[in-house]
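Undergrad: turn this into a structure:
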Amino acid sequence: MNSRAFGADIHPSGAAAATTAQDVDRQVAALVARARTAQRDFVRGGQQALDTAACAAAWAIMESTRNRQLAELAVHDTGLGNVEDKIQKNFRKTLGLLRDLHGRKTHGVIAEDTQKGIVEIARPVGVVAAITPSTNPAATPANKIVNALKCGNAVIVAPSPKGHSACALLLKFIHAELAKANLSPDLVQMLPDPVTKAATAALMRQADLIVATGSQANVRMAYTSGTPAFGVGAGNVASIVTASADLQDAANKIARSKTFDNATSCSSENSIVIEGGVYDAMIDALRAAGGAVLNANQKRALQDVMWVEGKLSGNCTAKSAQVIAQLAGLHDVAAQHPAFLMVEESGAGTDYPFSGEKLSPVLTVYRAQDFSDAISLVERIYAYMGAGHSVGLHGADRTQAVQLGETLPVARVIVNQAHCFATGGNFDNGLPFSLSMGCGTWGRNNFTDNLNYRQYLNVTRVAYPIEATVPEVDDLLGDYFGRFGR
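TA: Residues are numbered from 1 along each chain as shown. Next up is the predicted model:
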């Protein structure tokens, strides 16, 4: 089977799929071999070829007719999110990525420091294994493919089984754009349908680099594969609303973030912690923004449908608030056509499931005595789930944002912004556009950046001799000696 069939027009049946570990390894090895051949030829074209390929992959998803087809297929086959928001996400995330990459040198000499005598040379990593989730079956693969191509790599996507069809259509569009530039379709391939854990594991072992987004099981598999990997941590974002916040503005931003694409984003708020002095007013503002507050009985009914035997059920994942209310038997609530549901909570941990990630337009609300208590509540939430990702802050005191960055286990503090748009980069902040957020060692990750093109590059450094500068010991240890003696 040629590489164009993988993820394009042919979907191997279960009967035709590999049945033994050796069969799987050979099938994946064939993909990797074609990718390596294409990548070696590709990188010889220099920066112009790399830029052309990245633009081709970007336009494949941004063009309006194709974008809508991808969004509709994604929602139809995964049952997650909604079409119009996915169209917006596919376009804006890719446009923002192009902005970040525009004019960036990723081939040859990229930096020179004459004072230190260092020259930096960008080198491709080779073949990238891109592990992608069902929540964003077109936008996330596109982001990784564009980054990989910009840096001179080939890429093989391992999509989630539910997201295979949308990813396959994306690759068909990408191949058509690559053909215009006389670039090999083998630069961008994917695992055949049905995608199995064995095939994904084989790809991880055989690739040169893994970029993994999705379930923590996949991320852990990436980190233990023996191949260098960038994986992301779990989401469970909390936002703090302080007494100095513009409550209407905060409520509207939280509502937009919580409802976008039915909360498929790991950056969507799962909890908000409100200072007691503005608690009631903020709840009123959230109601005005479309939220419905559930009473204790309604909360229990919702919990019963969202968690089955202690595990988050897929029945409510990325569904609308109205659908979720109906599933929980809350027909009076559903009849109000709420944009999102709110439940009040006081604890965190396994005994308080609403304190965890919900991947649905359900928002957990906490009351804090003051800002210090709000920090403590968020610490308890992240001790249970979500450490390393991000925290939101709505308020006028800029020093509080720095305080959060100095005390909480988070890689990002998002100030007075709609969290799910801002965390992954937006046109009104300076974070790189990405759909994959590193969570540092707090989230069992090896990076804290938004995954961007730099993670797809090797850098070779040439060191020339310079005039030696040897410091005196007292220049470096004088202060220490003065305080503690020699």
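Undergrad: output the longest helix belonging to this protein.
TA: Across the chain, the longest stretch assigned as helix under DSSP state H is helix 21-43.
Undergrad: mind listing what residue 303 touches?
TA: Contact analysis of residue 303 by CB atoms under 8 Å, 6 or more residues apart in numbering lists 353-354. In this view, the C-beta of every residue, glycine as well, is placed from N, C-alpha and C.
Undergrad: go again using 10 Å as the cut-off
TA: 294, 328, 343, 352-354, 362 (CB atoms under 10 Å, 6 or more residues apart in numbering).
Undergrad: one step back: after the longest helix of the chain, heading C-terminal, what element do we hit next?
TA: helix 46-62 (DSSP states H and E).
Undergrad: restrict the next helix or strand after that next one to CA atoms and write it as CSV.
TA: Next in sequence after helix 46-62, counting helices and strands by DSSP H and E, comes helix 64-78. Taking C-alpha atoms only, helix 64-78 is exported to CSV below (Å, rounded to 0.1, in the frame of the first residue of the first chain):
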residue,chain,number,x,y,z
SER,A,64,-13.2,28.0,4.1
THR,A,65,-14.8,25.2,2.2
ARG,A,66,-12.3,22.6,3.4
ASN,A,67,-12.4,24.1,6.9
ARG,A,68,-16.1,23.6,7.1
GLN,A,69,-15.9,20.0,5.8
LEU,A,70,-13.3,19.2,8.4
ALA,A,71,-15.4,20.7,11.2
GLU,A,72,-18.6,19.0,10.2
LEU,A,73,-16.8,15.6,9.9
ALA,A,74,-15.1,16.0,13.2
VAL,A,75,-18.4,16.8,15.1
HIS,A,76,-20.3,14.0,13.2
ASP,A,77,-17.7,11.3,13.9
THR,A,78,-16.6,12.2,17.4
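Undergrad: follow-up on the earlier one: buried ones in the longest helix of the chain?
TA: Within helix 21-43, the residues that qualify as buried by neighbour count (16 or more other CB atoms under 10 Å) are 24-25, 27-28, 31-32, 34-36, 38-39, 42-43.
Undergrad: on that earlier part again, ok, the contacts of residue 303 vs residue 252, which is closest?
TA: residue 362 (18.3 Å; CB to CB).
Undergrad: for that closest one, list each beta-bridge partner.
TA: Residue 362 has these beta-bridge partners by DSSP bridges: residue 341.
Undergrad: and the angle from the particular helix or strand that has residue 112 in it to helix 46-62?
TA: Assigned by DSSP H and E, residue 112 belongs to strand 108-113. Relative orientation of strand 108-113 and helix 46-62, computed by axes from the mean of the first three to the mean of the last three CA atoms, to 10 degrees: 110 degrees.
Undergrad: which of the helices or strands spans residue 255?
TA: helix 247-259.
Undergrad: and if you look at residue 400?
TA: Assigned by DSSP H and E, residue 400 falls in helix 398-407.
Undergrad: helices of the stretch 201-350 of the chain, start to end?
TA: For the stretch 201-350 of the chain, the helices defined by DSSP state H, counting those that start in this stretch cover 216-223, 247-259, 279-288, 296-306, 321-327, 331-334.
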